[in-house]
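Colleague: Predicted structure and sequence below. I'll ask about it afterward.
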There are 2 protein chains.
Amino acid sequence: MIKKSSKQRDAIIQSVKNRRDHPTADEIYAQLRESYPNISLGTVYRNLAKLSEAGFITRISCIEGADRFDGDTSSHYHFQCITCRKICDIDMDVDTNLNAKVEKLLDAHVDDHMAMFFGTCCKCKGLAKI
Amino acid sequence: MIKKSSKQRDAIIQSVKNRRDHPTADEIYAQLRESYPNISLGTVYRNLAKLSEAGFITRISCIEGADRFDGDTSSHYHFQCITCRKICDIDMDVDTNLNAKVEKLLDAHVDDHMAMFFGTCCKCKGLAKI
DNA sequence: ATTAAATTAGTAACAATTATTATTATTGAG
DNA sequence: CTCAATAATAATAATTGTTACTAATTTAAT
């Protein structure tokens, strides 16, 4: 799929890998424009799609708004605050046994699973008290 | 939020509740047009949003394409085939202990969590063999 | 029945994403 | 190293999924 290298794609990989905030395509675009003032938003979208398809990064689909991307491809769960909409990683073991369990239940082949926890983050919880 | 009834909304609830295939707004629209030839797509979207906000149905966000809706609001996990993109329910206990665990880890308030398993369904697995 | 408010159909607007096209950059063969 | 082949790009147009708007209709409480 990916056949030649490019500075833009390298910068996109770097950006996603370095950030911890699960950015959207637009946020990555905004960041990269500082170093590459005429990078195209289409290039960002195209490369995020290629990179996630190739397994270099992970795409996270959100109920509201744009998809987000995670440079950490190791299996882990996420939490999303329903107030500020931010996503953060959860430092908790992933139950890989579930994959085999689901395989049996559905007679399917299971590659992986993802989990998203919903609630109110510590910051927004605090604000609510005021 | 919802203050008055309407035939259209009742039909939308019925459709989502009766179907087992986690339809998109467009699919529900297509179905309802058979009985309500001039129902508006906007009405379908607006009511799906209201109904899921009110907890009558559940919205499922997918990595590719449109959101899907589930008439079964009981907590359960989903499986999505990466080939045919269909979503099906998994008849497996939901680990509700995880919510409390995440609350402690993040000092957050956790309402719920969802899980999506990815792989190849039995049908598509079969087809691959041919 | 009257009336006020909610809901609708239809359409326009919008945001996120993908496709197109002409141009530029990368790479591998000679 | 040069240069053609072709992958990747910037810019822009088009598409898709969704929401907002408005005038007309329907609902429910007098």
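Modeller: Arrived safely. Residues are numbered from 1 along each chain as shown, chains lettered A, B, ... in the order given.

Colleague: Specify the local secondary structure of A:Arg33.
Modeller: At A:Arg33, secondary structure determined by DSSP: H, G, I helix; E, B strand; the rest coil is helix.

Colleague: and the residue lying closest to it once chain neighbours are set aside, what does it touch?
Modeller: Closest residue in space to A:Arg33, ignoring its immediate chain neighbours: A:Ile39 at 6.1 Å, by CB to CB, 6 or more residues apart in numbering or on different chains. Yep, even glycine has a C-beta here, placed from its N, CA and C like the rest. The contact partners of A:Ile39, taken as CB atoms under 8 Å, 6 or more residues apart in numbering or on different chains, are A:Gln8, A:Ala11, A:Tyr29, A:Leu32, A:Arg33.

Colleague: Can you report how many residues lie near the last one?
Modeller: Read that as A:Arg33. Neighbours of A:Arg33 under the rule other CB atoms under 10 Å in any protein chain shown: 14.

Colleague: any idea of the pLDDT on it?
Modeller: Listed pLDDT for A:Arg33 reads 97.

Colleague: How about the third one?
Modeller: Here the pLDDT value assigned to A:Tyr29 is 98.

Colleague: Quick check: closest non-adjacent residue to it.
Modeller: A:Val44 (4.6 Å).

Colleague: helix or strand for the one you found, which one?
Modeller: Applying DSSP states H and E as the criterion places A:Val44 in helix A:41-53.

Colleague: Around DNA strand C, pick out the residues from chain A.
Modeller: Neighbours of DNA strand C within chain A, by CB under 7 Å from any atom of the strand: A:4-7, A:24-26, A:41-42, A:45, A:49, A:65-67.

Colleague: got the domain boundaries for chain A?
Modeller: A:1-73, A:74-130 (automatic domain parsing).

Colleague: Give me the three-state assignment for A:Arg59.
Modeller: Secondary structure state of A:Arg59, per three-state DSSP, is strand.

Colleague: need the contact list for it.
Modeller: A:Leu48, A:Ser52, A:Asp67, A:Arg68, A:Phe69, A:Asp70, B:Ile63.

Colleague: among these, which are in strands?
Modeller: A:Arg68, A:Phe69, A:Asp70 (DSSP state E).

Colleague: in terms of contact, does the last one touch A:Ile57 like I think?
Modeller: Think A:Asp70. Yes. Look at A:Asp70 against A:Ile57 with CB atoms under 8 Å: they come within range, at 6.5 Å.

Colleague: Common neighbours of those two, please.
Modeller: A:Val16.

Colleague: top of the contacts of A:Ile39 by neighbour count?
Modeller: Within the contacts of A:Ile39, most neighbours by other CB under 10 Å means A:Tyr29, with 21 neighbours.

Colleague: tell me which element that residue is part of?
Modeller: Element membership for A:Tyr29 (DSSP H and E) is helix A:25-35.

Colleague: returning to that earlier point: mean pLDDT lowest for which of the domains of chain A?
Modeller: domain A:74-130 (a mean of 91).

Colleague: Can you confirm whether it lies near DNA strand D?
Modeller: No. Domain A:74-130 is not in contact with DNA strand D by CB under 7 Å from any atom of the strand; minimum separation 13.4 Å.

Colleague: same deal with stretch A:66-73?
Modeller: No. Using CB under 7 Å from any atom of the strand, we find that stretch A:66-73 stays clear of DNA strand D, coming within 11.2 Å at best.

Colleague: Do me a favour and get the end-to-end distance for that stretch?
Modeller: Terminal residues of stretch A:66-73 are spaced 19 Å apart (CA to CA, to the nearest Å).

Colleague: Tell me the buried residues in it?
Modeller: A:Asp67, A:Arg68, A:Phe69, A:Asp70, A:Gly71 (16 or more other CB atoms under 10 Å in any protein chain shown).

Colleague: Likewise for stretch A:76-85?
Modeller: A:His76, A:Tyr77, A:His78, A:Phe79, A:Gln80, A:Cys81.
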